[in-house]
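In: curious how this folds, go ahead:
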Amino acid sequence: MNALQRDLKKLVPLVESLGAEKVESDPHRQRFHVQPTVGWLNDPNGLCRIGDTYHVFYQYGPFDATGGVKHWGHVTSRDLMHWEHQPVMLYPDEPFDCHGVYSGSAIVEDGTMYLYYTGNVKHPGDYDYIKQGRGHNVCLATSRDGIHLDSKQCLLYNKDYPTGLTCHVRDPKVFACDGRYYMVLGARTVEDRGEVLVWESADKLHWTCINTLTTPEPFGFMWECPDLFELDGRWFLAVSPQGIECQNVYGCGYFPVYGDWRGACTLGEFRHADFGFDYYAPQSFADGDRRVQIGWMGMPDADYTNPVDFGWQHCLTVPRQLTRDGDRLLQNPVAELAALRGTAHDLPDGETVSAAPCFDLLAAPAGNFTLTVADGVQLAYCEAERSCTLYFTNAAMAYGRTSRHVVLDAPCRRLRVVGDASSLEVFLNDGAAVLSTRYYPAPGPATLCLTGCCGTLYEITL
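Out: Below is the predicted model:
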């Protein structure tokens, strides 16, 4: 442990303890979503399970609710719904990560946790920090108990990457396959094209770049947070591409992969993972026979924001199970959420019902419908166009958010909405399309009104 880490290990808990009372007094504090103790949260990192304990790390700025230098915050859970904050695992305390411990992933072998991440370094000087002046290093940290750090080292520097790339090469996702280890890295070329680098290793330490995954025509200038995984015999490449045309400032979605991603292969049609305001940088992990994905319920560089008066900002989505429907992915809340259901209320057509601030709404529409939440957010579906629009009618709840929409591939026959104190996650047609957003209603129970169909509203209790 160096002197900087010793000081940070004292300073961060002090900042957390001094800010905890103010943070917890916020009526918009979430009840069952991962959120920072204080300060700022963004990308989920290092998702894994050891024994019966789930570990979720995240980009964490404890000193500044609007950003700041990034650490790896850490929470654990036995059921993916009740989260216990753990001490920060990774600090920006080495020459190879001194300006931020950026995003990455985890693998677990023989009880040891291997955390791969990007060490961010900004060299002093008159640089643009895109093509010059920045180090994005692949780093490895290990922990034998999943709580305390045992070691940190740098495995790859920018000079070790293929030629033709900018300084922006980051977000390692590492996994085992066919007796070898593989890593995908998001990259930006000097021609401002996004791509993903595929690396191979026999020992988790020494890596060789074996392939590049991209599209025939340019598709954005940077592919962040890659995630390559197999589901029921089909491989998918999830990325968060910057510089594509979409409703949000940046995109977030996936490609089906045709062929062997270690060699000759092509990427299929890109599909958006979430059509709402707040969803980016998702990561997934294998949890037994199922694949669970968690995203950041936020959006970098957006023209809307969140209140920070209580000293914190952002959260992660509810964990979602991914299932395959041909070349598409369906997303639905993990089954554990149903265990939190309390009192059930009928939601008659056109009537307003008041329930707990946290709820799980289920409905089976057969035509046009409108859902109004807290007299300030509406979800409207048009059967003729198969379009669903999420929009704010009360600007005080929106903090700059306006409207988002999605056109469905089939008529909407299933609706599920999961609400927490300051978030809504809308699942259409069993997760064929999803819209996620933060919102800030008046404190107290949420009011809901569903017109065009009936539903069942469950209060969520913890």
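
In: CA atoms for contacts and neighbours, from now on please.
Out: Noted.

In: residue nearest the centroid of the protein?
Out: Gly295 (1.7 Å; C-alpha atoms, centre = their mean).

In: so for the nearest residue to it once chain neighbours are set aside, what pLDDT did the model give?
Out: Nearest residue to Gly295, sequence neighbours excluded (C-alpha to C-alpha, 6 or more residues apart in numbering): Pro282, at 3.8 Å. Note for Pro282: predicted pLDDT of 98.

In: contacts only, for Asp375.
Out: Each residue near Asp375 by C-alpha atoms under 8 Å, 6 or more residues apart in numbering is listed here: Thr393, Asn394, Thr447, Leu448.

In: how does it look with 10 Å?
Out: Listed by C-alpha atoms under 10 Å, 6 or more residues apart in numbering, the contact partners of Asp375 are Thr352, Phe392, Thr393, Asn394, Met397, Pro441, Ala442, Ala446, Thr447, Leu448, Cys449.

In: report the secondary structure state of the residue nearest to Gly295.
Out: strand (DSSP: H, G, I helix; E, B strand; the rest coil).

In: so it sits against Gly253, correct?
Out: Yes - using C-alpha atoms under 10 Å, Pro282 is in contact with Gly253, at 8.8 Å.

In: only alpha carbons, please: show the longest helix seen in the chain as CSV.
Out: Secondary structure of the chain read by DSSP state H shows that its longest helix is helix 3-24. What follows is helix 3-24, C-alpha atoms only, in CSV (Å, rounded to 0.1, in the frame of the first residue of the first chain):
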residue,chain,number,x,y,z
ALA,A,3,1.0,6.7,0.8
LEU,A,4,-1.7,7.9,-1.5
GLN,A,5,-3.8,4.8,-1.0
ARG,A,6,-3.4,5.0,2.7
ASP,A,7,-4.7,8.6,2.7
LEU,A,8,-7.6,7.8,0.3
LYS,A,9,-8.6,4.9,2.4
LYS,A,10,-9.0,7.3,5.3
LEU,A,11,-10.5,10.2,3.3
VAL,A,12,-13.2,8.4,1.4
PRO,A,13,-14.9,6.9,4.5
LEU,A,14,-14.7,10.3,6.2
VAL,A,15,-16.4,12.0,3.2
GLU,A,16,-19.0,9.2,3.2
SER,A,17,-19.8,9.5,6.9
LEU,A,18,-20.0,13.3,6.8
GLY,A,19,-22.4,13.2,3.9
ALA,A,20,-24.5,10.2,4.8
GLU,A,21,-27.2,11.9,6.9
LYS,A,22,-27.9,14.5,4.2
VAL,A,23,-28.0,11.9,1.4
GLU,A,24,-30.3,9.6,3.3
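
In: gap between that helix and the chain center?
Out: 25 Å (C-alpha atoms, centre = their mean, to the nearest Å).

In: within the sheet, what are the partner strands of the helix or strand just after it, with directions?
Out: Per DSSP states H and E, helix 3-24 leads on to strand 39-50 as the next helix or strand towards the C-terminus. Applying DSSP bridges, strand 39-50 is found paired with strand 53-61 (antiparallel), strand 312-313 (parallel).

In: now, of those strands, which is deepest in the fold?
Out: strand 312-313 (a mean of 28; mean count of other C-alpha atoms under 10 Å).

In: hang on, the earlier thing: reformat the strands paired with strand 39-50 as JSON lines; add distance to Asp227 and mean pLDDT.
Out: JSON lines is the format used below for the strands paired with strand 39-50 (distance: least, C-alpha to C-alpha, whole Å; pLDDT from 0 to 100):
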{"stretch": "strand 53-61", "distance to Asp227": "16", "mean pLDDT": "98"}
{"stretch": "strand 312-313", "distance to Asp227": "25", "mean pLDDT": "98"}
